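>>> here is a sequence together with a model predicted from it:
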Amino acid sequence: MTKKINIVLFFLFLVSMFNARAVVLEELLAQGALKNLLQDKVVGYYVGSFDPLHLAHKNIAERVADYFCDFIIIYPMWGNDGYKKRRWSLHERLDMIFAVMAHHPKIIVTKLDPFLLQEIFTTVDAEQQYIGTASPAMPISQVKPASFIKAFIGILGSDQALALGLVITTDSRKEAARKNWLDIFMQGYKYVVCPENYNRACVSALPVESFIVVMRNSDDVSALDEMVGERCFVTMEIEPLLRKVSSTEFRNLLEDRKGEAIEKVPSEVWKRISGELSEESAG
């Protein structure tokens, strides 16, 4: 009898694994299931260019979801940085995320813009309305987690943590820029909708109370004393071979040594990229 029960349980386990899939925010909203699923849960917020999504991104998202947070939102920057032009469009990068994360039941994916994302997961803090302006035409107020969310935790690389948290220049303008970015970074500021401000809206959409700092390269974050600004962090290690993997490295390899480039991204991403390259060659 016990043997039969174990066989049934094992079969049910296999079925659940086969049916496991990422949490699509739009489906949760349509089903009215968002609040019940995330009630009193800690939600990670992982923002990046994901241009393209590579194996380190995948490893980070999965480790955070498995060991640090109840769920994690992986979310691409919607616009271009002032210093970085995107190789793949937002639509293509979203497709990569959906494909790679399709079978992880604790990773939330969405194609909603950052203004709608903020509206769904936060509420305006009555004590922090209209606290200033990002520009004369852009009044801002601060938001806090929606009542059903326990807390948001931000995920960032050690290089980004150092750039945000350390004074590394005597150039007053660069130092002012660092402080300004730290002041809005994942602080939950509500901006008026304007296309040129999508990146600012992405990084400030959700108010995180602390961080998970992912150790990259040979970075030493000890000088930060476990704080980025006024918020604390814990560090997370990833596989040694992935610590140096970056989107920039992949794009450079793609131009010169495609064989090495293949090893940097998940198969789902390479399938899309190789198809695109084939079309370009045919054209």
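Structure's in. What do you need?

>>> got the buried residues for stretch 104-116?
Of all the residues in stretch 104-116, those buried under the rule 16 or more other Cβ atoms under 10 Å are His104, Lys106, Ile107, Ile108, Val109, Thr110, Asp113, Pro114, Phe115. Every C-beta, even on glycine, is put in place using the N, C-alpha and C of the backbone.

>>> rebuild the residues you listed as JSON lines, extending it with secondary structure, distance to Leu90 and pLDDT.
Below are these laid out as JSON lines (DSSP: H, G, I helix; E, B strand; the rest coil; distance: Cβ to Cβ, whole Å; pLDDT from 0 to 100):
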{"residue": "His104", "secondary structure": "coil", "distance to Leu90": "21", "pLDDT": "93"}
{"residue": "Lys106", "secondary structure": "coil", "distance to Leu90": "24", "pLDDT": "96"}
{"residue": "Ile107", "secondary structure": "strand", "distance to Leu90": "19", "pLDDT": "97"}
{"residue": "Ile108", "secondary structure": "strand", "distance to Leu90": "17", "pLDDT": "97"}
{"residue": "Val109", "secondary structure": "strand", "distance to Leu90": "14", "pLDDT": "97"}
{"residue": "Thr110", "secondary structure": "coil", "distance to Leu90": "12", "pLDDT": "96"}
{"residue": "Asp113", "secondary structure": "coil", "distance to Leu90": "10", "pLDDT": "92"}
{"residue": "Pro114", "secondary structure": "helix", "distance to Leu90": "11", "pLDDT": "92"}
{"residue": "Phe115", "secondary structure": "helix", "distance to Leu90": "14", "pLDDT": "90"}
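
>>> export those residues as TSV, with columns for distance to Arg251.
Output for these, formatted as TSV (distance: Cβ to Cβ, whole Å):
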residue	distance to Arg251
His104	25
Lys106	29
Ile107	24
Ile108	27
Val109	23
Thr110	25
Asp113	25
Pro114	24
Phe115	29
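
>>> and those, which is closest to Gly157?
Ile107 (18.3 Å; Cβ to Cβ).

>>> where do the helices sit along the stretch 151-283 of the chain?
Secondary structure of the stretch 151-283 of the chain, counting by DSSP state H, counting those that start in this stretch: helices at 158-165, 172-184, 198-204, 247-256, 258-262, 267-282.

>>> packing partners of the shortest one?
If I follow you right, that is helix 258-262. helix 247-256 (3 or more Cβ pairs under 8 Å, 6 or more residues apart in numbering; DSSP states H and E).

>>> in the stretch 151-283 of the chain, where is pLDDT below threshold?
Scanning the stretch 151-283 of the chain for pLDDT under 70 picks out 192-196, 277-283.

>>> with the stretch 1-150 of the chain instead?
1-21, 80-84, 126-140.
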